[in-house]
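**Student:** Give me the fold of what follows.
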Amino acid sequence: MTFRIDCHVKVLDDRVVERAKRANLDAIVYAPHFTRLPEIRERAAAYSDEELLVLPGREVFTGSWRNRKHVLAIGLEEPVPDFIPLEAAMAEFDRQDAAVVVPHPEFANVSLSETDLRTYADTVDAVEIFNPRHLPTNNCRARKLTAGLSLPPFASSYAHMPRSVGVAHTGFDVALENEAEIVTALADGIGRRVVYDNGLERWTTTAMELGHFAYENTWKKVDRLFLSGTEPTHPHHIAYDGRFDDVAVY
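**Tutor:** The predicted structure follows:
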C-alpha cells in the first residue's frame, strides 16, 4: 500500500501522533465533536509534520438528541453546524464538494440507516465497514450494507483514546500528498483496502472504547443536555452568521 490513513480520530495530542507514526500511518483525520472547523483546522495544522499529515474533519451531529445521525465531512471550506436536519447537512456538503463518509452505519442510535444510505447514495463517498468500537455483528452488517449498495468502504480506529489509534486504517494504492488529493481519492472511489488488527490488541481496544461509549451516553450526555451552555457548533451561534437559523432543530 502506498498511502495509509486513519479516517476518523476524535482526539489529538502528542501521544496520538506518536501512535500514528508507530503504526506507519501517513495521515489521520481529526474530527472531534462540538468543535468549530477553524479550531479543528488550526489544531490539525499544529500537529502535522513531514511524517504525518493531520486532516481536519467535521463529524456533524444532525437532527436532535432523540433522532441524531452522525456524518463525517472531509475537505470543508466553510463551517457547518450541528443540530440541523440530515438533508440540510448533506446539501451543504455537496455544495462545498466535500468528501462525505459515513461512520458506524446502523450503530446504536447515532448512525445513518440503510434507508438513509439509499436516499443519499449519490452524495455518500464511502461507508465505514470496520472500527474497533463495533462488535463483529456490527462490522458484518456494515460490510453487507456497503457491498449491497456498491459504495466504497473505509476503516478507522474511531479513536476516542490515544492508544486506539493504529488499530485500523484505510490503505490507498496511490501516493497522496495533501488534503485535496485525499478528498479526491475518497470522492472518486480510488482503489483501497481496509486493514485492521483482529487479535488481542483489537479486543482490548474494543473493551476500552465501549466503556468510553457508555460514559459518553450517560454522565457526559447529561452534562451536554443540562449543564453546558450553547454548544460552539449550535446553528444559532454567532459564528454561523444566521445562515442556518431557518433549519435549526433547536
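**Student:** which non-adjacent residue is nearest Ser113?
**Tutor:** Glu106 (5.8 Å; C-beta to C-beta, 6 or more residues apart in numbering). Heads up, the C-betas are built off the backbone N, CA and C, glycines and all.
**Student:** now the one you found: how far from Asn138?
**Tutor:** Distance of Glu106 to Asn138, given as C-beta to C-beta, to the nearest Å: 8 Å.
**Student:** quick one on the thing from earlier: let me see the contact set for the residue nearest to Ser113.
**Tutor:** Glu106 makes contact with Leu112, Ser113, Glu114, Asn138, Arg141, Ala142, Leu145, according to C-beta atoms under 8 Å, 6 or more residues apart in numbering.
**Student:** Turn the residues you listed into CSV, columns for distance to Gly166 and pLDDT.
**Tutor:** Converted to CSV, these look like this (distance: C-beta to C-beta, whole Å; pLDDT from 0 to 100):
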residue, distance to Gly166, pLDDT
Leu112, 26, 97
Ser113, 30, 96
Glu114, 30, 96
Asn138, 20, 90
Arg141, 24, 94
Ala142, 20, 96
Leu145, 25, 95
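**Student:** Next, format the residues you listed as TSV and append distance to Gly63.
**Tutor:** Putting the contacts of Glu106 into TSV (distance: C-beta to C-beta, whole Å) gives the following:
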residue	distance to Gly63
Leu112	11
Ser113	12
Glu114	17
Asn138	21
Arg141	21
Ala142	20
Leu145	20
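**Student:** Buried ones among those residues?
**Tutor:** Neighbour-count burial (16 or more other C-beta atoms under 10 Å) applied to the contacts of Glu106 gives Leu112, Asn138, Arg141, Ala142, Leu145.
**Student:** and which of the residues you listed is nearest His169?
**Tutor:** Minimum distance to His169 across the buried ones among the contacts of Glu106 is 16.0 Å, recorded for Ala142 (C-beta to C-beta).
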